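> sequence? don't have it. structure:
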């Protein structure tokens, strides 16, 4: 896997989110550079997922904007998308496929040809090794969550990881496995934006926090 860009900056300024006639949040701003971790917290309905979708370019803010290395992401379009890896609330696991097939399919969609060795190594990294030939309908919710994160990991190294509740449904071993993968990504100069209801001690060169209010 290629390392993240040597110099990268993700900047948000004056972000506003509106749903119907309700202003969900306003004036959200941050700046992340290599190794930077942004924690987004707040009660349900405070706009955490909306903020992550704005960061990914999947949702347009009512005001403000996102810049990648000094350029607006709306202008960059697909060029920006190539730097983003997003795992949302839904695991997007195809239950009719086997575990290994899910990983191989996800990698192919990202333009990466995953070898059997790479699949085994990635499953080992996320503590779900030995399940390559198991149909995904037999996985627990925690295992499906690990598989979704493993698919992101295997599908090529993107500089910015945007993770919506990455520790949801995970047991202690799963939390530790995902934590170590995030730390390794940040240690190589990647960036991460995440929400979580759990307080997990993630070591990072730089940590910022945003707490949204309902």
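Yep, it's here. Because the structure is a prediction, the values reported are computed rather than measured. Numbers count the residues shown, from 1 in each chain.
> going forward, measure contacts and count neighbours with C-alpha atoms only.
Fine.
> what about the protein, any weak spots by pLDDT?
Within the chain, the stretches with pLDDT under 70 are 1-6, 155-156.
> now do the strands in it.
9-19, 22-33, 36-41, 63-68, 71-72, 84-87, 160-164, 191-195, 206-211 (DSSP state E).
> closest one to residue 95 among those strands?
Closest approach to residue 95 among the strands of the chain (C-alpha to C-alpha): strand 84-87, 17.1 Å.
> packing partners for that closest one?
Secondary-structure packing of strand 84-87 (3 or more C-alpha pairs under 8 Å, 6 or more residues apart in numbering; DSSP states H and E): helix 141-154, strand 160-164.
> deepest-packed of those, please.
Neighbour counts averaged per stretch over those are highest for strand 160-164, at a mean of 24; criterion: mean count of other C-alpha atoms under 10 Å.
> residues contacting it, please?
Applying C-alpha atoms under 8 Å, 6 or more residues apart in numbering, the external contacts of strand 160-164 come out as 49, 52, 55-56, 83-89, 190-196.
> buried subset of those residues?
Neighbour-count burial within the contacts of strand 160-164 applies to 49, 52, 55-56, 83-88, 190-196; the criterion is 16 or more other C-alpha atoms under 10 Å.
> ok, back up a step: a markdown table please, covering the strands of the chain and showing distance to residue 129.
A markdown table is the format used below for the strands of the chain (distance: least, C-alpha to C-alpha, whole Å):
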| stretch | distance to residue 129 |
| --- | --- |
| strand 9-19 | 34 |
| strand 22-33 | 33 |
| strand 36-41 | 28 |
| strand 63-68 | 36 |
| strand 71-72 | 40 |
| strand 84-87 | 20 |
| strand 160-164 | 22 |
| strand 191-195 | 25 |
| strand 206-211 | 31 |
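> quick one: closest of those to residue 144.
Among these, strand 84-87 sits nearest to residue 144 (C-alpha to C-alpha), with 12.0 Å.
> quick one: the closest one to chain centroid distance?
Distance of strand 84-87 from the chain centroid (C-alpha atoms, centre = their mean, to the nearest Å) equals 4 Å.
> partners of that strand in the sheet?
Strand pairing for strand 84-87, determined by DSSP bridges: strand 160-164 (parallel).
> show me what the longest helix anywhere in the chain is packed up against.
As assigned by DSSP state H, the longest helix anywhere in the chain is helix 172-187. If contacts are counted by 3+ C-alpha pairs under 8 Å, 6+ apart, helix 172-187 sits against helix 141-154, strand 191-195.
> now for these, which one comes closest to residue 10?
Comparing the helices and strands packed on helix 172-187 by their distance to residue 10 (C-alpha to C-alpha), the top pick is strand 191-195, with 8.5 Å.
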